[in-house]
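1. Here you go, sequence then predicted model.
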Amino acid sequence: MRAAGKTSTPTAGEGVNDDTVEDTDTDSETTSPRGLRPWLWVVGISVLSAFAVPYLILPLIDHPLATYLFWSGFSLVIAIFVIWGVARWTDR
């Protein structure tokens, strides 16, 4: 918004008629990404485990299917995290 008495060109994200357009949506779920922080933590930990487990833990396991089972489970968990992350996306 512009201060009274000053003339300036609109900056990025600022429209010419900002004074007449108001956002009446007060729903807290749509105005702040409440679930974003936990989702980012979980995905970040998953990415770190994708580096740590194959190089640190899997070499210690002699089972021939250990790598297959890890990556199959990891893929399933990441798919669930993506579904969780995009579940509230809507077209507006």
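-> Alright, I've got the coordinates. Residues are numbered from 1 along each chain as shown.
2. any idea of the mean pLDDT for whichever helix or strand residue 76 is part of?
-> Under the criterion of DSSP states H and E, residue 76 resides in helix 66-86. Per-residue pLDDT values over helix 66-86 give a mean of 89.
3. Distance check, residue 47 against residue 76.
-> 16 Å (C-beta to C-beta, to the nearest Å). In this view, the C-beta of every residue, glycine as well, is placed from N, C-alpha and C.
4. In the helix holding residue 76, which residues are buried?
-> For helix 66-86, the neighbour count (16 or more other C-beta atoms under 10 Å) marks 66, 70 as buried.
5. do the same with stretch 41-61
-> Judged by neighbour count using 16+ other C-beta under 10 Å, the buried positions of stretch 41-61 are 42, 43.
6. what does the helix holding residue 76 rub up against?
-> By C-beta atoms under 8 Å, 6 or more residues apart in numbering, the list of residues contacting helix 66-86 from outside reads 39, 42, 43, 46, 49, 50, 53, 54, 58.
7. can you redo the residues you listed as CSV with pLDDT, secondary structure and distance to residue 86?
-> Compiled in CSV, the contacts of helix 66-86 are given as follows (pLDDT from 0 to 100; DSSP: H, G, I helix; E, B strand; the rest coil; distance: C-beta to C-beta, whole Å):
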residue, pLDDT, secondary structure, distance to residue 86
39, 78, helix, 10
42, 83, helix, 14
43, 79, helix, 12
46, 88, helix, 16
49, 91, helix, 21
50, 91, helix, 20
53, 92, helix, 25
54, 90, helix, 27
58, 91, helix, 30
